[in-house]
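[1] based on what follows, work out the 3D shape:
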Amino acid sequence: MVGLHFHAREAQPGERVIRSGDAADAVYFISLGQVEVAVSEKKLTLGAGDFFGEMALLGDQPRSADVTAIDYCRFLALDRRDFREILRRFPAIRAYMTDMAARRGKMNRTST
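    Numbers count the residues shown, from 1 in each chain. Next up, the predicted model:
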């Protein structure tokens, strides 16, 4: 069962969840609260139902953004090994994650 691989995490307002340049260790699914994703001078707000951290895991690269909790947040985190296993076993999820990462990457490269 996929749900058994998720780990509950929390963040307080102002807490940095991901730092740009850090090694990618997990993908995060937001179940409560909002986060701000900052890449260069661009900022994006994500909330319940959104996810972040997939780009670095898919590209096997360091984190490209800072992610900070705007308010109290709860996440379900999926570590690198389990994320890759789920992508291997479920091609539709892999296609969705890959598409989303490509769109976010394009958005990050587009000038403001």
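[2] contacts only, for Gln12.
    By C-beta atoms under 8 Å, 6 or more residues apart in numbering, Gln12 lies in contact with 69, 72. Every C-beta, even on glycine, is put in place using the N, C-alpha and C of the backbone.
[3] quick one: the helices in this protein?
    54-59, 80-89, 91-109 (DSSP state H).
[4] residues in contact with the longest one?
    Taking contacts as C-beta under 8 Å, 6+ apart, the residues outside helix 91-109 that touch it are 39-40, 42, 44, 54-55, 58-59, 64-65, 86-88.
[5] one more pass at 6 Å, please.
    39, 54-55, 58, 87 (C-beta atoms under 6 Å, 6 or more residues apart in numbering).
[6] how much does it deviate in direction from helix 80-89?
    Our comparison of helix 91-109 with helix 80-89, counting by axes from the mean of the first three to the mean of the last three C-alpha atoms, to 10 degrees, yields an angle of 120 degrees.
[7] buried ones in helix 91-109, by neighbour count?
    By neighbour count, with 16 or more other C-beta atoms under 10 Å as the criterion, the buried positions of helix 91-109 are 97, 101, 104.
[8] distance to Ile18 for these - can I get that in JSON lines?
    Converted to JSON lines, the buried residues of helix 91-109 look like this (distance: C-beta to C-beta, whole Å):
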{"residue": "Met97", "distance to Ile18": "16"}
{"residue": "Ala101", "distance to Ile18": "15"}
{"residue": "Arg104", "distance to Ile18": "14"}
